[in-house]
Each structure stands twice: as C-alpha cells, then as structure tokens.
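[1] return a 3D structure for these sequence lines:
(chains A and B)
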There are 2 protein chains.
Amino acid sequence: MELNPRIRQADIEHLEKLVGKERVSQGTSNRELHSHDESFHTPSLPDVVMWPHSTDEVSKIMKWAFEKKIPVTPWGAGSSLEGNPVPVERGIVLDFQEMDKILDIRQEDFQVDVQPGVIYKELNKKLGRYGLFFPPDPGASATIGGMIANNASGIRTVKYGATRDCILRLVVVLSDGNVFEIGTRARKSSSGYALCHLFTGSEGTLGIITEATLKLVGLPASVMAVLATFPTVKDATITVFHIMSSGLTPSAMEFLDAEVVKVLNRDRGLAMKEMPTLLMEFHGYSKRGLEEEMAFVESICQNNNCSLLDKGIGPEERNRLWEIRHLVVESIKRSHPGLLLLIMDVAVPLSRYSDMVTFIKEAVQNLTAYVFGHAGDGNIHVAIMDNPQDENRWARVKEANQKIIQKALEFEGTCTGEHGVGIGKRVFMDLEHGKSLEVMRRIKRLFDPHEIMNPGKIFP
Amino acid sequence: MELNPRIRQADIEHLEKLVGKERVSQGTSNRELHSHDESFHTPSLPDVVMWPHSTDEVSKIMKWAFEKKIPVTPWGAGSSLEGNPVPVERGIVLDFQEMDKILDIRQEDFQVDVQPGVIYKELNKKLGRYGLFFPPDPGASATIGGMIANNASGIRTVKYGATRDCILRLVVVLSDGNVFEIGTRARKSSSGYALCHLFTGSEGTLGIITEATLKLVGLPASVMAVLATFPTVKDATITVFHIMSSGLTPSAMEFLDAEVVKVLNRDRGLAMKEMPTLLMEFHGYSKRGLEEEMAFVESICQNNNCSLLDKGIGPEERNRLWEIRHLVVESIKRSHPGLLLLIMDVAVPLSRYSDMVTFIKEAVQNLTAYVFGHAGDGNIHVAIMDNPQDENRWARVKEANQKIIQKALEFEGTCTGEHGVGIGKRVFMDLEHGKSLEVMRRIKRLFDPHEIMNPGKIFP
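    Below you'll find the predicted structure:
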C-alpha cells in the first residue's frame, strides 16, 4: 500500500500508541469506507482511519498532526451530499462513531450534552421520553457532529431554525491540539463573540467538535397535517407564500413536484394525484385551535385552485399524510438502477420561490430530474439521476446545476441551503460571496495556518 | 481644547473634507453628548464627532483612521447600559443618526433593509402597516445598529430569538476601510462561515455595520395575556418552568419582584397586589385556541398557589395587562431622585432561575434593589439605585454585582444576557470564557490589528 509521503511506518506506530492499536486502521476496506460520502464526488482514500474515544485523544492526535503537517478530516456517518468529509488530501480520517454517548439530558434546561458520534434519529428517540426533541431534521441518518459541521437543517427548520440556531456550547479542538470550551448554558447571551455560530457550519475546516450542548424544544401537545395538490407549480408555490404570510406558523412546509409523486406512485404502488403537491404540518397546544388553523389553510389552498386536499389531526394522521415525504429520495434512487444521484440544494428569498421552481423545471427538462424541497424556507432540491461516466450526459447535468445555482444567486439566494459547500460548491463561492470570501479565508488561515483541517473544502 | 496628541488640526481639516464641515464637530456639547451612555460608567470625551451619510464615507474615514491609528467608536442612540460606546481612548465617534433610512421593505420576503441609525420602535411602527414586525424588543429606544452591535434582545426573545437570530445580511466596513457585504437574502444557508453572526454582538470591535437586512415575522392574528401574582418568589419562578415545559410557547414571560410592583403602585398610583408577579403573552392564530391555552396557563398558575390572576384576549387587553412592564425602569428611577441606576443583567439555565432569584434577593437585601427580568430566557435584571460618589455604598453595590455574576457563572450562565460587555463586564470575561477568551482575542487581532475599533471594550 502506498502511503502519503508525509506518513511513515514510525508515524503509524506513534498514532497506535496514542489510542491503542485496535483503533488505528490502514486496512483497505476501512480506507475505502472513508473515501466517499453519499455523493458522486470522486473518492479519495485516507492514509489511515482512527476512532478516537475522548477529547484528550483528539487533542493528542491534532498536536502530532500539526507538528507533522498531516491533513485531518473528521467523519460522522458519511451521509453528506457534497463530498464534505472526503479526505481529498489523504492523511488521517477521525471517525467519531465510537464517541457516541448522550452525556447528560438536562430536561429542566431543555438541553442535552452529546458526543459528536450520536445519531440524530436515535437522539430524538431517547429525548421523546422526556417530552423533548432536537428540531433540525436533516432526513439522512446523520450524526450530531456532522450536522453541526454542515449547519444541517430540514423539514422543521421553517419553524425551529437550523442546527446553528440550536447550539449553545461546544468543545472544540483546534488544529494545534488546543482544546476550548465555547458558549454558555444560558439560553441567550451578549457576552463576547459568537464562537459557537462560527464553528457551526465550518465543515471541520476550523476545528474539530468533540462535545456539544444542544438547545431542545418541548414536543408539541397537538399536531395537524394537510396534503394539498394543485393544477400548476405556480398555484402550489403561491400557496406557500400565502400561508407563510397569513400569521400561521407551519412547522413544516414541503413542495413535491408532479414527477416526484409519479415516481412514488410507481415505486410504492400508491395512487396519489400526480400533480404539484404541498405537505404541511402545524404544531400547537390546542386541538380546537389547530382545527381553526386547518380551516384557514384549506381556504387558502382553495383560493389557489387546490384540486385535492387531505388533512388530519393527531400523530397517526400526521404520519399517514407525511409517510411519502420520507420515501422520496429512496424511491427516486430505486427507480433508476445503475444511475447515480446528484442532489442540488439552492435556497432563494420567498418571493422568488415560484420563479425559481419554474426556472428549474425548464433547466432540467431533458434530464431525469425530480424537484422538491423545504418550500417554507425557500429551499429547493433537484434530484438528478444520471451516469457520471457518460461524459456528454454528465456535462449536461453539470451545466444545468451551474445554471440553477447562477439563477439562485441572481435571485440573491444561496448555492447551498443545507448540504454545505464540501467539494461540490467550492466553485460557486466566489460568485456567492464575492470579496467577503476573503474575510472567510483570513479566518481559515487564523485557525488553520498549516492547512491541515479538512483541506480542499469550502474554498475554491 | 486639548486634542488627542494623535489628532492635529490638519487632521480635522482632512476629516472635514471627507464629509463636509457641518458633519464634523469638536464642540463641547457634542463631545459631551457622546461621552457617556445611559449607565454610570465614567464618561470619556471623544476628540471629534462625525455624522456619516454613507458606507463610502465610513470607508474613507476608516482608511484614514487606520493609517493614523486613531480610535473610532460607532454610536447609535447612546441607550446602552454597560458603557458600550463610550470612547474611552477618545478619537472619533461616528454617530449614525443621519444614516437612518429604511431602504427597502421586502414584504413578500419578510425582510427589510435598513441603515444602522433607524430607531427600533419607529421601524416596527412602519412595518406594522405591512403586517410584519422585527421581534427583538430591547425596551430602550435603541437604533438597529446598536442592537446589532450588542446582540440586543428583550421580552419577545423567548419566542422569536435575539437580534443575532434575525440578521440575514450586513454591509461591514473593516478597520482598514475595506467594505464587505456578508450573508444572503435566503432564509437559510450552509454556504461558508457565519460572518453575520460573528459581527453581530461584537460591539463595534471588529467592524462597523453600515447596512443590514433583517428577518421579519408576520404579526400574530391573535394575542392573549395573563398577569398572575404569587405568595412567594419560588411559586412564581417554578411556574415559569412549568409553563415553559408544558408545550406552550409564550411570546413573552416576565417576572416582577414584589418590590417592583410596590414602586409601580407608589409612582403610578396603582393598586396592584404587591407580590411576586408574572406577566405572560401568547401569540396565535385562533382565539379559541388561545382560550384553551389560557385555561391551561391558569391551571398551571393555580397549581403553584397563584393568588390573583388577570387575563384577556386581544390587543387592548394585552396592552392593559402589560402597560406596567414598560413603566418599570422609569418608575424606579423617578422614585429615587439623585441616585444613579445600575442594571445587572445575568442569565442562567432555566432550572437555576429560582435559585438565582433567591440568591439575588439575599445579595441585595441591604441595597435599594429591584429584581425583574425575562424569566422565560433565564434572564434576570437587578436595578440598583445608589450614589457612585459614596465610596462605601458603591463598594457594596459593586460587591453585590460581583457576587451575583459569580453565582450566575457557577450556575453555568452568562454575565450578560442582553446588555453586552462594554466596559462594565470586561472584568468577568476571564471567569466566564476561560481559555476561549484567547480565541476571541485572536479574532480581534485579525480584524483590528491597530486596536482602533472601539478600543477598551469586551477584553479585560
């Protein structure tokens, strides 16, 4: 096996001494497993994979890596979509799956302390027993560490915010191995710089998160859901805007294009109307209150030519109506065996949502493409199934991706609503951030002078 | 008039050329007006006050100041409470009261673009016509620029977040005069580092904000308010916790100690029960829903020995019940002519709120002190009226302040929930942030190598 010229056998022995032989691997399968995420981005093998058990171990590894100038890339579940943890400059991958403890559920404070390897879905299962939940729902079976690194968000962000909005306190190991505890357990503070916000979403390029205190929300007493289909995309997306500005506060507001419904029908044997569809969810205290909200939602949908509306109150009804949402990506993938998935992820100001969806549908009309997204946040995903080996076709996919991102930026939006920059969005950073990318670069150099922290990411 | 040795008459003439003679003042009254905020902190006269009209002018001033290494301190309304904009190292004060335009109300995007001198209360008056509001309510007649600098918050933060949670995009002038536009108009983004969050709350020590895009919220369709009094502090503060964990989401949750009610009765000729009091507000869509919430709130209060409960639905009722809250600080001040106000501002995790209030009441029992605060956020204010000239008494005030902050930090809280660090909280920064203060220092040096940006603030 060829090693990174910077890592010699003596170095591996040193790393083995730091954490124990059994938690350092140069095995091919382990390296391959950590060479790619769930995206199509070109894999890159790390030289060595390690499974730290403590902040202290991470600190020792970083001290060594800093001295030797060896790249280090933290790893959660590998569920990212832009190559965010692919070790493009090899070096060490730190896999956090064995730092997966829920350290302290502080029910009365609406807080939980976790290690980065905790799986999001499992955390919420546990928190449910305490009447609490951690709202940013990325869909994928991500780890909390990965969510923090990417500032992940999802269907509930429209009401409860993204991951960055829910981080109170972090333990961070900097590139030189120094350990810092940042933030506070108070729910709000005006004391000093927003370090937690800065490290959240920095994709492992500024420091490594080894512990986090998350701000939780009480489970709602009641829940209401509405599924509505519309004759045109415009009718559906205008409805999004009308509901968002009506004084209602949906806890989820999802758009599914007709093609998405079609693939769900075919793959799952359903019989839904194959039309642009909105899925909505509302949280509240009182059932009577939710009934009134439901009637209002219904009237807004009707005013926008809604052709079918299904609705329900209570968790069973909610799950019945929402089940399809969780099947979308899987059904798309299963319907095109042999092809690879590229998920685009732009977000635009709400007033542009309609135009953006219309533009996208035209830009992808000759591709195998499915449009859906977190409409209440102006976030749109386009799932494209294609073959990266077919140069001609793949060039058209990339061209569509580029056109869509350019349009989103023209609309004063962002090239990534929630998947992060990783490898895939680097080329758009200049266009999105202009001069201010230089401010980010200065911060990067400050925290990572040797360019060893997940190198090759975010910056073009 | 003695000038800062670094500023000569030729320099003043240069500054006059940059913005026009009429917007540069060395007059005593202007300098005195900009030598202190609303706190007791020692005033310090700037050498010169300027009133910029544009980002470009601010940039030119900063380029010059950078070269000459002259301190520059931005100024909003001077309503801060920790000496945040007091020009302790003199130099230039940039008063933003003439950059007070609402640039663009983007109703469909729930956004507004403003200059930093816009007054918070006037902004919300204007936004109300569009069915929108900017939620962080600092109480004082602050400017938006001041609110961003301090990460201001207030009674509505418990539901809608602090200023930092509502900033989408900023135009920032760095110490060398370079201008950067940071952030995006998309409601959410995972594209690069959280620069808006970093500059928000940095108290003018990293850069000067000359434009901001604020995230707005739709005005609620219905509003409900409850005022409840309790036999003991413990009964009241336990009620806070029970309501916060009940699945209800109050839009405001304020605690007033019995002494506060007493001073209100005396000063305003009211006849309220002089007992620990909670003021609550709930926003919602449906009146019937709010009625059910009200019944639930009532039962929680009753379970905690509530001795009197007043309630109402609709804006008039809300205003009737809440009027007293807005009179608190003014009534306290008027009741003690000749004495100065020190407002403490700690925040602790919710589970510690009861203990914190109890501790505070004991710590201030020999002082003229009033305890109240944003209980739903764990934020507590203590208004102390005293005479800073009386060394003995003032030493006791300072001792109480120190004890209270130390206890808040022991409880894993913060030394300032919303007033910022300014001059007053600098000495507590080591205790609160420990080693991580060094990370803040590195960021400060990166952005302000000549230490000219509001020097003497935040860092001890």
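
[2] where's the residue nearest in space to the middle of chain A, which helix or strand?
    The residue lying closest to the centre of chain A (C-alpha atoms, centre = their mean) is residue A:152, at 3.5 Å. Using DSSP states H and E, residue A:152 sits in no helix or strand.

[3] and it, what does it touch?
    Counting by C-beta atoms under 8 Å, 6 or more residues apart in numbering or on different chains, residue A:152 makes contact with A:136, A:138, A:142, A:146, A:162-163, A:418, A:420, B:190. Placement of C-beta: from N, CA and C, glycine included.

[4] apart from its neighbours in sequence, what residue is nearest it?
    residue A:138 (4.1 Å; C-beta to C-beta, 6 or more residues apart in numbering or on different chains).

[5] so which strand or helix has residue A:30?
    Here residue A:30, judged by DSSP H and E, is contained in helix A:28-33.

[6] and the residue nearest to the centre of chain A, how far from residue A:65?
    Separation of residue A:152 from residue A:65 (C-beta to C-beta, to the nearest Å) stands at 26 Å.

[7] can you check residue A:457 too?
    Applying C-beta to C-beta to residue A:457 and residue A:65 gives a distance of 16 Å.

[8] what pLDDT does the residue nearest to the centre of chain A get?
    Note on residue A:152: pLDDT of 97.

[9] same deal with residue A:280?
    Reported pLDDT for residue A:280: 97.

[10] any idea how far it is from chain B?
    13 Å (C-beta to the nearest C-beta, to the nearest Å).

[11] swap in residue A:26?
    On the measure of C-beta to the nearest C-beta, residue A:26 and chain B end up 32 Å apart.

[12] can you check residue A:202 too?
    Look at residue A:202 and chain B: by C-beta to the nearest C-beta, they are 6 Å apart.

[13] so what's that residue closest to, chain neighbours aside?
    Here the residue nearest residue A:202, using C-beta to C-beta, 6+ apart, is residue B:193, at 5.8 Å.

[14] what's the neighbour count on the one you found?
    Residue crowding around residue B:193 was assessed by other C-beta atoms under 10 Å in any protein chain shown; the count is 26.

[15] what sits against it?
    A:198, A:201-202, A:206, A:440, A:443-444.

[16] quick check on these: which are buried?
    Neighbour counting over these (16 or more other C-beta atoms under 10 Å in any protein chain shown) leaves A:198, A:201-202, A:206, A:440, A:443-444 as the buried ones.

[17] in this structure residue A:287 contacts residue A:313, no?
    Yes. Assessed by C-beta atoms under 8 Å, residue A:287 is found in contact with residue A:313 at 6.0 Å.

[18] and for those two, which residues touch both?
    Counting by C-beta under 8 Å, 6+ apart, the residues touching both residue A:287 and residue A:313 are residue A:222.

[19] can you tell me how far the closest residue to residue A:176 other than its chain neighbours is from residue A:25?
    In this structure, residue A:176 finds its nearest non-sequential neighbour in residue A:66, 4.7 Å apart by C-beta to C-beta, 6+ apart. For residue A:66, the distance to residue A:25 (C-beta to C-beta) stands at 22 Å.

[20] same check, this time on residue A:120
    Residue A:120 is 25 Å from residue A:25, by C-beta to C-beta.

[21] which of the helices or strands spans the closest residue to chain B within chain A?
    Per C-beta to the nearest C-beta, residue A:289 is where chain A lies closest to chain B, at 1.9 Å. Assigned by DSSP H and E, residue A:289 falls within helix A:287-303.
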